[in-house]
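Engineer: below are the sequence and a predicted model; questions follow.
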Amino acid sequence: MSNERQREQFAAEVSYCLLNQQGFEFRAQDFTDLMRPSVYLFLKDGLPSYIGLSSHGVARTAGANHQKASLRANADRILIYPCKSLALAHRLERALILAIQPPANKRLKKAPRPSRVM
């Protein structure tokens, strides 16, 4: 078998095995960041339908048992914002939910102002 024919067979085999006929390329740090605490948004028609938080990055977002898996399946896009810490991810999630109020999120009440200690 010629080298050209072997290359064609190899390319056909690779193409057959791949989802969407392509792979994804990440910088090493970007890939690592996707496993950090993160806030994610499921977008439908360009609008957030759900905002959530994951302490383990894409692991929760892509999980088969995610409570909002149907929203994820119907989303056009998913935005993921890796955060510096879990506490800051909670802070960002709350701020985004309060500002955007996506339909699938339970409404958050504004946090009460801390009372002043004299």
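Structural biologist: Done, it's in.
Engineer: angles on the backbone of the residue positioned nearest the centre of the chain, please.
Structural biologist: Residue closest to the average C-alpha location in the chain (C-alpha atoms, centre = their mean): residue 80, at 4.0 Å. Per-residue torsions, residue 80: phi -130, psi 130 (degrees, to the nearest 10).
Engineer: quickly list what it is bridged to.
Structural biologist: Beta bridges link residue 80 to residue 40, judged by DSSP bridges.
Engineer: for residue 35, which non-adjacent residue is closest in space?
Structural biologist: Counting by C-beta to C-beta, 6 or more residues apart in numbering, the nearest residue to residue 35 once its immediate chain neighbours are dropped is residue 57, at 4.2 Å. C-beta: built from backbone N, CA, C; applies to glycine.
Engineer: what sits against the one you found?
Structural biologist: 33-38, 80, 82 (C-beta atoms under 8 Å, 6 or more residues apart in numbering).
Engineer: of the residues you listed, closest to residue 69?
Structural biologist: Residue 69 lies nearest to residue 80 out of these, by C-beta to C-beta, at 16.1 Å.
Engineer: ok, the closest one touching residue 35?
Structural biologist: No. Using C-beta atoms under 8 Å, residue 80 is not in contact with residue 35, being 10.6 Å away.
Engineer: give me the common contacts of these two.
Structural biologist: 57-58.
Engineer: can you list contacts of the host helix or strand of residue 88?
Structural biologist: For residue 88, the host element (DSSP states H and E) is helix 86-100. Contact partners of helix 86-100, identified using C-beta under 8 Å, 6+ apart, comprise 37-39, 41, 48, 51-55, 81, 83, 105, 108, 110-111.
Engineer: thank you, goodbye.
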